[in-house]
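Peer 1: turn this into a model:
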Amino acid sequence: MPLPPERVVHPELQPHLAELPPFADPYEDIEATRERFRALLAATPADRSGVSSRRYDVPRPDGSALTVEVYRPAAGAQGDDGGAGAGPGGALPAVLHFHGGGYAIGRALPGQDKTAIELCRALPAVTVAVEYRLAPEHRYPAGVEDCYLALEWTARNAGELGIDPERIAVTGKSAGGGLSAAVSLMARDRGGPAVAYQSMCVPDVDDRVAEQPVPADTDTATPDPRVHSLRTIRLAWQHYLPEGAAADAYASPARATDLSGLPPAYVLVCDLDPLREAGLSYARRLMDAGVQVTVRNVPGAWHGFELYAPDSRPAQEMAAHWTDHLRAALYPAAGQRDQ
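Peer 2: Predicted coordinates:
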């Protein structure tokens, strides 16, 4: 299926298509896939300046432990407003970060979650990176229950962590965006801790995307058969859901019949991502349910393009827009919302 003429690769991103590795089934040897990802992370360590971190083990109901890494701005790194907008006793907002990676990879090295570190420094906020259980060893609902447990733990320990419990947001890219949507639904349905904001980038919120037919010649309408495609989406859902089980709303938030009463949301999609239409549809349904929603589309970009072109203008604008709106949601009194 050819690309519509108005949806073409951004000129600044075209050279980066040559850097894409050949397609390989990541689940064929999942440990090797994770090792390659860890090596990629180790080659470009995160800049931890102005940020400290501490790891915690959060007990699960079965006695095992969920590990979370809590990042905190160093003293004196409280932002240009000198701490304006801080809660009682100088408490900071909190952001729970759920990493992407098809529910199976994407976990950061200890103390090296770049997204959590950058948000911690830029917002500023206490950021909690959640090392949820991964598929296919731990299929749904293990991962999302871990994420919800992290939300409960964060809210319960807000005082010790220096967090304002009224300003806890959830965020993530791809699978992490889907987990952010699911945790927001769970918190509403279970009467759990209040989520102040759900910030979802290129979210994977609808398993039915994987049911679309895959054209034999081009795989899907993407700029290159090696990018995130219906083929990779299908593999992710096949290994995330229990065999033979149908998805419910906490696995696939787009299946929720009632989206009312959810926290304000941010939905970012990429023009050439097969998840784009599902993300936009979810944003529209949130709006129709009375939820305040900000939507951003990155023209001419594919799913995960920022990994290959982090210094490109589209990647920098994407990061700035996402961060600015998250900051505005967590510091509403500061009047920092960008247009």
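
Peer 1: any idea how far the residue nearest to A236 when sequence neighbours are not counted is from V95?
Peer 2: The shortest distance from A236 to any non-neighbouring residue, by CB to CB, 6 or more residues apart in numbering, is to G102 (3.7 Å). C-beta: built from backbone N, CA, C; applies to glycine. Remark: distance between G102 and V95 (CB to CB, to the nearest Å) = 22 Å.

Peer 1: what does A135 give?
Peer 2: According to CB to CB, A135 stands 24 Å off from V95.

Peer 1: higher neighbour count, those two?
Peer 2: The neighbour comparison of A135 against V95 (other CB atoms under 10 Å) goes to V95, with 30 against 24.

Peer 1: was I right about the more buried one contacting E118?
Peer 2: No - V95 is beyond contact range of E118, at 10.8 Å (criterion: CB atoms under 8 Å).

Peer 1: burial of the residue nearest to A236, as a residue count?
Peer 2: Counted with other CB under 10 Å, residues neighbouring G102 total 22.

Peer 1: state the mean pLDDT of the longest strand along the chain.
Peer 2: Criterion DSSP state E: the longest strand present in the chain is strand 163-173. For strand 163-173, the mean pLDDT works out to 98.

Peer 1: do you know the pLDDT at E6?
Peer 2: Here the pLDDT value assigned to E6 is 48.

Peer 1: G192 is in what secondary structure piece?
Peer 2: In this assignment (DSSP states H and E), G192 forms part of neither any helix nor any strand.

Peer 1: can you pull the contacts of it?
Peer 2: Applying CB atoms under 8 Å, 6 or more residues apart in numbering to G192 gives the contacts 148, 151-152, 155, 186.

Peer 1: my guess is N297 contacts D271. True?
Peer 2: Yes - with contact defined as CB under 8 Å, N297 counts as touching D271 (6.1 Å).

Peer 1: out of these two, which sits in the more crowded spot?
Peer 2: Taking neighbours as other CB under 10 Å, N297 and D271 compare with D271 leading, 21 against 14.

Peer 1: ok, G176 to G63 distance?
Peer 2: Distance, G176 to G63, using CB to CB: 26 Å.

Peer 1: who's more crowded, these two?
Peer 2: Set G176 next to G63 and count neighbours by other CB under 10 Å: G176 wins out with 29 against 6.

Peer 1: and the more buried one, that one's in a helix?
Peer 2: Yes - counting by DSSP: H, G, I helix; E, B strand; the rest coil, G176 is located in a helix.

Peer 1: return the distance of it relative to E12.
Peer 2: Distance, G176 to E12, by CB to CB: 25 Å.

Peer 1: A43 too?
Peer 2: Distance from A43 to E12, by CB to CB: 23 Å.

Peer 1: could you do R156 as well?
Peer 2: Here R156 is placed at a distance of 45 Å from E12 (CB to CB).

Peer 1: which ones are touching the residue nearest to V209 when sequence neighbours are not counted?
Peer 2: Of all residues not flanking V209 in the chain, A278 sits nearest, at 5.1 Å (CB to CB, 6+ apart). By CB under 8 Å, 6+ apart, the contact list for A278 reads 205-206, 208-209, 254.

Peer 1: mind running it again at 7 Å?
Peer 2: Neighbouring residues of A278 by CB atoms under 7 Å, 6 or more residues apart in numbering: 205-206, 209, 254.

Peer 1: quick one: it is in a strand?
Peer 2: No - using three-state DSSP, the assignment for A278 is helix, not a strand.

Peer 1: how about the helices in the stretch 101-250 of the chain?
Peer 2: Using DSSP state H, counting those that start in this stretch, the helices of the stretch 101-250 of the chain run over 114-122, 142-156, 158-161, 175-189, 230-240.

Peer 1: worst average pLDDT in these?
Peer 2: Among the helices of the stretch 101-250 of the chain, helix 230-240 carries the lowest mean pLDDT, a mean of 92.

Peer 1: render the CA-only coordinates of the helix or strand that comes right after that one in PDB, please.
Peer 2: As assigned by DSSP H and E, the chain's next helix or strand after helix 230-240 is strand 265-270. What follows is strand 265-270, C-alpha atoms only, in PDB (Å, rounded to 0.1, in the frame of the first residue of the first chain):
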ATOM      1  CA  ALA A 265      -4.200  13.800  28.600                       C
ATOM      2  CA  TYR A 266      -1.500  14.500  26.100                       C
ATOM      3  CA  VAL A 267      -1.300  12.300  22.900                       C
ATOM      4  CA  LEU A 268       1.600  12.600  20.500                       C
ATOM      5  CA  VAL A 269       1.600  10.600  17.300                       C
ATOM      6  CA  CYS A 270       3.900  10.300  14.300                       C
END
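
Peer 1: list the neighbouring strands of strand 265-270 plus their orientation.
Peer 2: Applying DSSP bridges, strand 265-270 is found paired with strand 197-201 (parallel), strand 293-298 (parallel).

Peer 1: and for D258, the neighbour number?
Peer 2: For D258, using other CB under 10 Å, the count is 12.

Peer 1: now the phi/psi pair for it, please.
Peer 2: Dihedral pair for D258: phi -130, psi 120, per degrees, to the nearest 10.

Peer 1: gap between it and G290?
Peer 2: D258 is 11 Å from G290, by CB to CB.
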